[in-house]
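Peer 1: Pasting a predicted model and its sequence here:
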Amino acid sequence: MVVIINEDMVTNVEEYLPLAKAFAEDAVKNDKGCISMEVLVDENTPGKVLYLSHFETEEDFKNHAQGDTFKKHVEGLGKYFISAKDYVFKQA
């Protein structure tokens, strides 16, 4: 299993969150190997939204990032997107 922390900076958290939550739910239901995905807000840093995800393998995560669910939601999410960083952690 791998844990992915995706740190996004967005222009409008209130408008972004419903889209992010819909994306996360869709990924868990439809993307191979996506065990869970939570959307979290950093209340101390305006505009920072985190996705905390668990995937069976790093390959599953990479496929998710190139897959249909991502493509379906990227246009809506992209309206608010400034930047992102991905952190990949493997079980020790």
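Peer 2: Arrived safely. Numbering: from 1, shown residues only.

Peer 1: Report the buried residues of stretch 3-17.
Peer 2: V3, I4, N6, E7, D8, M9, V10, V13, Y16 (16 or more other CB atoms under 10 Å). Bear in mind the C-beta positions are built from the backbone N, C-alpha and C, glycine included.

Peer 1: In the protein, mark out all the strands, start to finish.
Peer 2: Along the chain, the stretches classed as strands by DSSP state E are 2-10, 34-41, 48-55, 81-90.

Peer 1: how about a markdown table for those, with mean pLDDT and distance to A22 added?
Peer 2: A markdown table is the format used below for the strands of the chain (pLDDT from 0 to 100; distance: least, CB to CB, whole Å):
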| stretch | mean pLDDT | distance to A22 |
| --- | --- | --- |
| strand 2-10 | 98 | 15 |
| strand 34-41 | 98 | 10 |
| strand 48-55 | 98 | 13 |
| strand 81-90 | 96 | 15 |
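
Peer 1: of those strands, which approaches A20 most closely?
Peer 2: Among the strands of the chain, the nearest to A20 by CB to CB is strand 34-41 (4.6 Å).

Peer 1: Can you list the strands that the closest one pairs with?
Peer 2: strand 48-55 (antiparallel) (DSSP bridges).
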